[in-house]
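S.K.: Return atomic coordinates for the entry below.
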Amino acid sequence: MKNANSAAQAQRSRAFAIAACVSLAAMPMIAMAQDVSGATNTVNTFFTNVTTLLNIASIAIVTIAVIFAGYQIAFNHKRIGDVAPVLIGGFLIGAAAQIARMLLPDDVMATSIVVVDSLMRYA
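M.R.: Numbering: from 1, shown residues only. Sure, this is the predicted structure:
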């Protein structure tokens, strides 16, 4: 009777261990199966708003740099070489959003899908 109880206990322990291993093995699939479209839309909206603000700021910065350079040339009798650093800096700061737009792809989600797919394959 004692051997039957210990055998049953050992069998339950093995069944629990197997169930735990199967559950842990299935965890990544459960985690990756979540729908993240809401979070993706929120992040896309946030970065769209940031891009819009950067475009507005770039217009303002370039305008201020040109006004400052024109004022220096017209009223303080400076040469273009004297105000060139202000103009170049203003154009570079103002063009930051446009340079980022040229360097980044239009569909950023395509890149993230490739990364997630690679992680699922090689993890």
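
S.K.: just the helices in the protein please.
M.R.: Applying DSSP state H to the chain gives helices spanning 2-32, 37-75, 80-94, 96-103, 108-122.

S.K.: Buried residues, the fourth one. List them.
M.R.: The one in question is helix 96-103. In terms of neighbour count (16 or more other C-beta atoms under 10 Å), helix 96-103 has its buried residues at residue 97. To be clear about C-beta, it is placed using only N, CA and C from the backbone, and glycine gets the same treatment.

S.K.: Quick one: mean pLDDT over that helix.
M.R.: When pLDDT is averaged along helix 96-103, the result is 75.

S.K.: List the neighbours of it that are in contact with it.
M.R.: Contact with helix 96-103 is made by 51, 54, 55, 57, 58, as judged by C-beta atoms under 8 Å, 6 or more residues apart in numbering.

S.K.: For these, which single residue is the most surrounded?
M.R.: Neighbour counts for the contacts of helix 96-103 peak at residue 58, which has 19 neighbours (criterion: other C-beta atoms under 10 Å).

S.K.: For the closest residue to it other than its chain neighbours, which residues are in contact?
M.R.: The spatially closest residue to residue 58, leaving aside those adjacent along the chain, is residue 94, at 3.9 Å (C-beta to C-beta, 6 or more residues apart in numbering). Neighbour list for residue 94: 57, 58, 59, 61, 62, 65 [criterion: C-beta under 8 Å, 6+ apart].
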